[in-house]
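A.B. asks: Here is a sequence together with a model predicted from it:
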Amino acid sequence: MTLEAGMVAPGGTVGILGAGQLGRMLALAAAEFGLRIHIFAPESGPAFDVATATTIAAYEDEAALEAFARAVDVVTYEFENVPGHTADVLARHAAVRPGPRALAVTQDRLHEKDFVTGLGIPAAPYVTVDDLPGLRQALAAVGLPAVLKTRRFGYDGKGQVLLRDDTDTEAAWRAVGAVPCILEGFVPFEREVSVVAARSVDGAFAAYDLCANTHRDHILHRTLVPAGVSPRLEQQAIEMARWIAEALDYVGVLAVEMFLGADSGPELVVNEIAPRVHNSGHWTIEGARTSQFAQHIRAVCGWPLGLPERLGRIEMENLIGSDIDGWRQILQEPGACLHLYGKRQARPGRKMGHVTRVFPEGGTAS
Ligand code: AMP
């Protein structure tokens, strides 16, 4: 049987940039399809334990990148901060999925906001900020409260400061490192939700049910599905994710984080796009017909997408830092699905694992 162009056959090798838990769970899903996994990262990490091959080299090491790209059939990644040049070097020798546009748009909060609003999708009001006088001007335009965010390299609340009436503007500017930023109006949200969805090489789109997310110390704490929003809003959220995926000519799994507005503003406001599998989609391993990891592998290999159908009512909880000490208790709980990432040190704020509980639909909350 001949393969269509860009399709990876079982036995082929998927290359992944990044060695964290997302890479690890992608590698495990790939193995179930008889694929081999080659991880490329600057240092060893959780994905190395389950990979067929590994490369330790800097993302700027062109010779290592070229050798890696030649050894694999497709390249994907588990984090959005893949340097543009790295992606360009890899793309000379192998398909890189999702493609470079997804990286360029999502790596920079200003580009991301311009892109989202350019599609007619609501985002928080925002102004670009390049220096302290610029911040003062932006505050006059956006008002308080507001959130100052670095344009690049922010995650889990890092690289951002909430400004209130009594916040020292200069201290806030120093706190984010005096680097190019955007200032965003604060969205008084009722709930944070995310759409985790996939798009295939031939443009098919499949979304999981909307996820409701709560955070602790800016880190995802818990995901509940269903999200408890009206079917109309859920459909609208999924349609926004579809527009975004289509406009990026996206291939793979992506997540779109949104706020559900609490007052008279827009009902749904897009906060961030993650061009990768996402923590709020971890529940799909046991809770959906096709996990987000299997779905991503299917998409980047040029395969048809699997069904995203949900199999019950979901609670997913992250195990952060010392939460991992509860592992024995979780193991005793019937039906609790424990995932540990194999990280040796449980530092505060470090994602050590997660637990998913799938209840019969309509069952009572625990
Ligand atoms: P981010 O890094 O953009 O995902 O932001 C991390 C968290 O900060 C979000 O999950 C929200 O809880 C909060 N946050 C970020 N931006 C805003 C905003 N414009 N208005 C209200 N809360 C925000």
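C.D. replies: Alright, I've got the coordinates.

A.B. asks: Report the beta-bridge partners for the closest residue to Gln160 other than its chain neighbours.
C.D. replies: For Gln160, ignoring the flanking residues on the chain, the nearest one in space by CB to CB, 6 or more residues apart in numbering is Lys149 at 4.3 Å. (C-beta placed from N, C-alpha, C; glycine too.) Beta-bridge pairing for Lys149 (DSSP bridges): Gln160, Ile182.

A.B. asks: Would you mind confirming that Lys149 is in contact with Ile182?
C.D. replies: Yes - Lys149 lies in contact with Ile182 (CB atoms under 8 Å); the separation is 5.6 Å.

A.B. asks: Show me what counts as buried in the strand or helix carrying Ala140.
C.D. replies: Element membership of Ala140 [criterion: DSSP states H and E] is helix 132-142. The neighbour-count check on helix 132-142 (16 or more other CB atoms under 10 Å) flags Gly134, Leu135, Ala138, Leu139, Val142 as buried.

A.B. asks: Tell me what the residue nearest to the first one when sequence neighbours are not counted is bridged to.
C.D. replies: On the basis of CB to CB, 6+ apart, the spatially nearest residue to Gly134 that is not a chain neighbour turns out to be Thr128, at 7.7 Å. When assigned by DSSP bridges, Thr128 has beta-bridge partners Ile182.

A.B. asks: which residues in the protein form helices?
C.D. replies: 21-32, 62-71, 84-91, 100-106, 109-118, 132-142, 169-175, 231-247, 284-287, 292-300, 327-332 (DSSP state H).

A.B. asks: what's the burial count for Ala207?
C.D. replies: Neighbours of Ala207 under the rule other CB atoms under 10 Å: 20.

A.B. asks: give the contact list for the closest residue to Val269 other than its chain neighbours.
C.D. replies: Among residues not flanking Val269 along the chain, Phe259 sits closest, at 4.5 Å (CB to CB, 6+ apart). By CB atoms under 8 Å, 6 or more residues apart in numbering, the contact list for Phe259 reads Ala124, Val187, Phe189, Arg191, Glu192, Val193, Leu268, Val269, Asn271.

A.B. asks: measure the residue nearest to Gln160 to Asp108 for me?
C.D. replies: Here the criterion is CB to CB, to the nearest Å. By it, Lys149 lies 11 Å from Asp108.

A.B. asks: So if I had to pick from the two, which one is more boxed in?
C.D. replies: Lys149 (24 against 18).

A.B. asks: count of residues packed around Gly228?
C.D. replies: 12.

A.B. asks: OK, contacts around it?
C.D. replies: Arg191, Ala212.

A.B. asks: before we move on, the earlier item: my guess is the residue nearest to Gly134 contacts Glu184. True?
C.D. replies: No - the pair formed by Thr128 and Glu184 falls short of the contact definition of CB under 8 Å, at 10.8 Å.

A.B. asks: Now do the residue nearest to Val269, the pLDDT please.
C.D. replies: On pLDDT, Phe259 comes in at 97.

A.B. asks: Please report the distance of it from the ligand.
C.D. replies: Distance of Phe259 to the ligand, given as CB to the nearest ligand atom, to the nearest Å: 7 Å.

A.B. asks: same question, Pro125
C.D. replies: 9 Å.
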